[in-house]
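Colleague: let's see this in three dimensions:
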Amino acid sequence: MAAAVELEGVNVTFGDFVAVRDANLTIEAGEFFSFLGPSGCGKTTLLRTISGFIEPTRGQVRIGGRDMVGIGPNKRPTALIFQNLALFPMMSVADNIGYGLRVRGVPKHERDEKVKNLLIQVALSEHGHKKVSELSGGQKQRVAIARALAVEPSVLLLDEPLSALDLKLRQHMRAELRAIQKRVGITFIYITHDQGEALTMSDRIAVMNAGVIEQVGNGRSVYAEPRTPFVAAFVGENNQIRGRVTAVADGMATLDTPLGTLSGRNPVGLKAGEEALLFVRPEVLSLVPTGTPNGSTVGFDGEALDVAYEGSVTHVTLRVRTGQKITATVGGGVVPVSGETLHIGFKPQDGLLLARPASH
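Modeller: Sure thing, here's the model as predicted:
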């Protein structure tokens, strides 16, 4: 059975260093949930706290409604898949999968039946007799998953399990992992610094920065409606423009910037006079010759520095008058050339204003 995981006021400190600060979160039973953030943000510490390898300095971890205080990793309804997979290279695939069952004293006939079913679930039914060393990277990943599932955990914890794979295999394994999770129906908690992994696989994502959960939501909301400058900058590509709010009305705000007067959505309720950052995604920018009527857009001029054609889209890097570089991703039509001066425009509803951190 799947189990919900609840974090209530969880703090983890090592001496004076705060690795996790005031984590409050409920991960629903049967959910594919990802913690996303850069190295050192606290996501692996949080995973190890859920699994029991680290006790919280303060706060509570509950799994299936049960407080986990004092309950070690081997007694929790969890299984953890490490980055290095920790498979036994000289054992067969079947023996690797059945290892946890053997340690628990499960009778051989029962163990063999379970291993057989798990091999089918992870599409390795023809490989049970092989040594792990004979398998591809993706097959080894599936063996690690099957071995973890063999002990019937309520929650499967995965610590960047795809990071050692090449790009194509990583993309393939994303789909495989998601399909396996849907089949077995248990709670998956996934750790990654790769936003593509988090966005494509997860029901919900927690974005972490410096030990703090900055935002929780589905992939679309985290990408399209970031609530903090860190989330806006970390998830996907984004152009940032500094300025000061001059007027607000109807959920929108006008901003005085070094590039002129610009506008955007104002979801956090900034007031006139406040310092702000305007975020504009590359894909919402339009590029037209300077002097061309721009209709309902706001914008500024820039010089094309680099033009990278990528089939269906073209990525253009432009330099604006402040020296800042702006990235635009455009579809068909006329492809700009390096050195060309262009008007860079966007619709105000495609811009997003957030409060500028004091240190920014």
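
Colleague: export the strand ranked longest in the chain to PDB, keeping only CA atoms.
Modeller: Criterion DSSP state E: the longest strand present in the chain is strand 298-310. What follows is strand 298-310 as a C-alpha-only set of coordinates in PDB (Å, rounded to 0.1, in the frame of the first residue of the first chain):
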ATOM      1  CA  VAL A 298       6.100  46.500 -24.700                       C
ATOM      2  CA  GLY A 299       9.900  46.200 -25.300                       C
ATOM      3  CA  PHE A 300      13.200  47.600 -26.200                       C
ATOM      4  CA  ASP A 301      15.900  47.400 -28.900                       C
ATOM      5  CA  GLY A 302      18.900  45.100 -29.000                       C
ATOM      6  CA  GLU A 303      21.700  43.900 -31.300                       C
ATOM      7  CA  ALA A 304      21.800  40.200 -32.300                       C
ATOM      8  CA  LEU A 305      25.100  38.700 -31.100                       C
ATOM      9  CA  ASP A 306      24.600  35.000 -31.600                       C
ATOM     10  CA  VAL A 307      22.000  33.100 -33.700                       C
ATOM     11  CA  ALA A 308      21.700  29.300 -33.100                       C
ATOM     12  CA  TYR A 309      19.400  27.600 -35.500                       C
ATOM     13  CA  GLU A 310      17.900  24.400 -34.000                       C
END
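
Colleague: in that strand, which residues are buried?
Modeller: By 16 or more other CB atoms under 10 Å, the buried positions in strand 298-310 come out as 298, 299, 300, 301, 302, 304, 307. In short, each C-beta sits where N, CA and C put it, glycine included.

Colleague: list the contacts of the nearest residue to the third one once chain neighbours are set aside.
Modeller: Using CB to CB, 6 or more residues apart in numbering and skipping residues adjacent in sequence, the residue nearest residue 300 is residue 259, 4.1 Å away. With CB atoms under 8 Å, 6 or more residues apart in numbering as the criterion, the residues that contact residue 259 are 241, 300, 320, 321, 322.

Colleague: again, 7 Å this time
Modeller: 241, 300, 320, 322 (CB atoms under 7 Å, 6 or more residues apart in numbering).

Colleague: what's the answer for residue 278, then?
Modeller: Applying CB under 7 Å, 6+ apart, we find residue 278 in contact with 241, 243, 255, 257, 262, 264, 351, 353.

Colleague: quick one, longest helix in this structure?
Modeller: Counting residues, the longest helix found in the chain (DSSP state H) is helix 167-184.

Colleague: average pLDDT for that one?
Modeller: Across helix 167-184, the average pLDDT comes to 84.

Colleague: name the residues of that helix that come out as buried.
Modeller: Buried residues in helix 167-184 (16+ other CB under 10 Å): 169, 170, 173, 174, 176, 177, 178, 180, 181, 184.

Colleague: run through who's touching the helix or strand bottoming out on mean pLDDT in the chain.
Modeller: When each helix and strand of the chain is scored by mean pLDDT, DSSP states H and E, helix 167-184 comes last, with a mean of 84. The contact list for helix 167-184 (CB under 7 Å, 6+ apart) reads 32, 121-122, 137-138, 141, 145, 149, 162, 165, 188, 197, 200-201.

Colleague: 8 Å instead, please
Modeller: With contact meaning CB under 8 Å, 6+ apart, helix 167-184 is reached by 32, 121-123, 136-138, 141-142, 145, 149, 156, 158, 161-162, 165, 188, 190, 194, 196-197, 200-201.

Colleague: next one: stretch 323-338
Modeller: Residues contacting stretch 323-338 (CB under 8 Å, 6+ apart): 237, 239, 241, 282-283, 285-287, 302, 304-307, 309, 312-320, 342, 344.

Colleague: send me that stretch as PDB with only the CA atoms.
Modeller: Output in PDB follows, covering the C-alpha atoms of stretch 323-338 (Å, rounded to 0.1, in the frame of the first residue of the first chain):
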ATOM      1  CA  GLY A 323      25.200  45.800 -21.900                       C
ATOM      2  CA  GLN A 324      22.900  43.000 -20.600                       C
ATOM      3  CA  LYS A 325      22.400  40.000 -22.700                       C
ATOM      4  CA  ILE A 326      18.800  38.900 -23.500                       C
ATOM      5  CA  THR A 327      17.900  35.500 -24.900                       C
ATOM      6  CA  ALA A 328      14.900  35.000 -27.300                       C
ATOM      7  CA  THR A 329      13.600  31.700 -28.700                       C
ATOM      8  CA  VAL A 330      11.700  32.300 -32.000                       C
ATOM      9  CA  GLY A 331       9.900  29.900 -34.300                       C
ATOM     10  CA  GLY A 332       9.600  30.100 -38.100                       C
ATOM     11  CA  GLY A 333       9.700  33.200 -40.200                       C
ATOM     12  CA  VAL A 334      12.800  35.400 -40.900                       C
ATOM     13  CA  VAL A 335      15.900  34.200 -38.900                       C
ATOM     14  CA  PRO A 336      17.900  37.200 -37.600                       C
ATOM     15  CA  VAL A 337      21.500  37.600 -38.500                       C
ATOM     16  CA  SER A 338      24.400  38.600 -36.200                       C
END
